[in-house]
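Q: coordinates only, sequence not included:
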């Protein structure tokens with residue numbers, strides 16, 4: 001399951017992760033429709049909040065294309081619940097504290113912030129087609145305006 005060099009056209013790595021209510025969700029659950037799977041560093045931080053709120057605001061257009069949005073971070077279910085409630089997020093946030101899925105999607109790596117370097121979750125998005133193939137990869141996403149770019153990539 002560990003591949004850091006996924007390419008468009010590759011089969012998306014499977015996953016099984018818990019949501020804010022402790023329910024398990026897997027890639028196969030979304031097999032019949034497009035999936036926008038986005039990885040983000042931390043709940044309730046400035047960039048992550050901008051990105052999440054843009055996906056929240058784009059839900060009507062995303063659903064009109066038959067797609068679903070799922071966010072993944074290493075934060076726990078309780079943190080996801082608080083974040084979703086605080087900002088009225090209307091899509092799933094899944095918890096990957098063991099980093100298995102984050103790493104499988106090549107979304108863990110070196111980051112720099114305020115002059116220091118550390119390992120952390122990279123802001124990447126994968127648009128996965130209804131048959132489990134990666135249609136579009138956005139790496140090193142800038143939060144502002146990203147939901148619109150992801151929406152355009154949904155077929």
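A: Now that the structure is in, tell me what you want to look at. Just so we're clear, the structure is a prediction, and the values are computed from it rather than from any experiment. Numbers count the residues shown, from 1 in each chain.

Q: How far off centre is the worst-scoring helix or strand of the chain on mean pLDDT?
A: Lowest on mean pLDDT, DSSP states H and E among the helices and strands of the chain sits strand 108-113, with a mean of 89. In terms of C-alpha atoms, centre = their mean, to the nearest Å, the centre of strand 108-113 is found 17 Å from the chain centre.

Q: just checking, next helix/strand downstream of it?
A: strand 116-121 (DSSP states H and E).

Q: Give the partner strands of that next one in its sheet and their orientations.
A: Applying DSSP bridges, strand 116-121 is found paired with strand 108-113 (antiparallel).

Q: so which helix or strand takes in the residue nearest in space to the middle of the chain?
A: The residue lying closest to the centre of the chain (C-alpha atoms, centre = their mean) is residue 38, at 1.8 Å. Using DSSP H and E, the element containing residue 38 is strand 35-39.

Q: is it true that residue 15 touches residue 28?
A: No. Counting by C-beta atoms under 8 Å, residue 28 is not a contact partner of residue 15; they are 9.4 Å apart. Every residue, glycine included, has its C-beta placed from N, CA and C.
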